[in-house]
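> below are the sequence and a predicted model for it; my questions follow.
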Amino acid sequence: MKTATADPATAARPARTGLLTRMKRLYDRHWYAWAMVLPVVLVIGVLIAYPLVQGVYLSFTDANELNVAKQLGATEIPATYQFVGLDNYWRVLSGADGEFYPKLLWTVVWTVSCVFFHYTIGLGLALLLNRKLKGRSLYRVLLILPWAVPPFVATYIWRMMYNSESGVFNAMLGKLGIGPVDWLGDTFMQKVAVIGVNVWLGVPFMMVAVLGGLQAISSEQYEAAEMDGASPWQRFRHVTLPGLRPVSATVIMLGTIWTFNMFPIIYLMLGEANALHSEILVTYAYRLAFGSVRDYAGAATYGILILSMLLVFAVFYRRILDRQEAAR
């Protein structure tokens, strides 16, 4: 007796038809939501997705200013760059270019230093503004002002203050009998200067975010801790810090990503010629792309590596936080 066997193509057809029907139902029910999202998707696709795909492609080639397609008058010169596979990544990660690891080390130091001072100073100011102070609203406005100043404007103001001949800082040192400091010429002082500017610009954001977190902590927790005889330090350690954990986790991750890619401060403060030993990865990638001989493949390789490192950091950072939250 023969047993009837179902045709695989016939069996798969109902499932496929069911999926299409569900998608059509979803569209009919929420067409207005798709219509609202579509412009955003198009903008993201044009401004982010296409450049990202193009950058990934260029990182696997030897594209530079000399071999890309160009138009010279009426003559159109075709591109002659070639696919080189992982050669660019191997050259960078093996240290053959001599630039990646020194600049990565300085980028990490720059990021950790700035985020540390952003958070600690922002937390201290938020704790002060969370108290009942006379003129508290005025203090809040004044402390938020640096956040409202465009970075390029703030950078040029700080450049004048750091000027070795007529700057404010050297004038103050002169009053104390200390000689002038070459803030923007000496490599070490360059790094101190740019960290100072970035801290000044970034503290207001941290302060506002942490202040919001402080105001979300119930006063009943502080009252209960005080009734149990907890000291101010114990209340800060066991009530304030745990209550700020969700806010702190978010702002530290965002601050790390923003600072790691903080292009305008270093580029505008130091200029292209003076920043050779104080460049972070993103400013070096910019110099590769728009320097004397434009190395588009090298710049794309650095861009993809920067993106990859930040993605790995974000994933591991969130996992560590989730484990800590689960262990509580």
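The structure has been received and is ready for your questions.

> residues near Ala69, how many?
Here the count is done by other Cβ atoms under 10 Å, and Ala69 has 11 residues near it. C-beta here means a position set from N, CA and C on the backbone, and glycine is covered the same way.

> and it, what's its pLDDT?
On the pLDDT scale, Ala69 is placed at 82.

> and Arg16, by the same measure?
As predicted, Arg16 sits at a pLDDT of 55.

> neighbours around the closest residue to Val199 other than its chain neighbours, how many?
Take Val199 and drop its neighbours on the chain: the residue closest to it by Cβ to Cβ, 6 or more residues apart in numbering is Phe117, 4.5 Å away. Look at Phe117: counted by other Cβ under 10 Å, it has 18 neighbours.

> now swap in the one 5 residues further on and tell me
Counted by other Cβ under 10 Å, the residues lying close to Gly122 total 24.

> just checking, it is part of a helix?
Yes - the assignment for Gly122 (DSSP: H, G, I helix; E, B strand; the rest coil) places it in a helix.

> just the element for the closest residue to Ile144 other than its chain neighbours, please.
Spatially, and ignoring its direct neighbours in sequence, Ile144 is nearest to Pro204 (4.9 Å; Cβ to Cβ, 6+ apart). Using DSSP states H and E, Pro204 sits in helix 187-216.

> what's the first helix or strand after that helix?
Beyond helix 187-216 on the C-terminal side, the first helix or strand identified by DSSP H and E is helix 219-227.

> show me which residues of that next one are buried.
For helix 219-227, burial by neighbour count (16 or more other Cβ atoms under 10 Å) applies to 222, 225.

> try stretch 45-58
Those would be 55, 58, for stretch 45-58 by 16+ other Cβ under 10 Å.

> so who does Arg235 touch?
Under the criterion of Cβ atoms under 8 Å, 6 or more residues apart in numbering, the contact partners of Arg235 comprise 222, 225-226.

> using CSV, write out every CA atom in stretch 118-132.
Extracted C-alpha coordinates of stretch 118-132, given in CSV (Å, rounded to 0.1, in the frame of the first residue of the first chain):
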residue,chain,number,x,y,z
HIS,A,118,33.0,64.7,33.2
TYR,A,119,31.2,62.3,35.5
THR,A,120,33.0,63.2,38.8
ILE,A,121,32.7,67.0,38.4
GLY,A,122,29.2,66.6,37.0
LEU,A,123,28.2,64.5,39.9
GLY,A,124,29.6,67.0,42.4
LEU,A,125,27.8,69.9,40.9
ALA,A,126,24.6,67.9,40.6
LEU,A,127,24.8,67.1,44.3
LEU,A,128,25.2,70.8,45.1
LEU,A,129,22.4,71.9,42.9
ASN,A,130,20.1,69.3,44.4
ARG,A,131,20.3,71.0,47.7
LYS,A,132,18.2,74.0,48.7
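
> what residues does that stretch touch?
Contacts to stretch 118-132, defined as Cβ under 8 Å, 6+ apart, come from residues 136, 139-140, 143, 199, 202-211, 213-215, 240, 244, 248, 251-252, 255, 259.

> of these, keep whichever come out buried.
Buried residues within the contacts of stretch 118-132, defined by neighbour count using 16+ other Cβ under 10 Å: 140, 143, 199, 202-211, 213-214, 240, 244, 248, 251-252, 255, 259.
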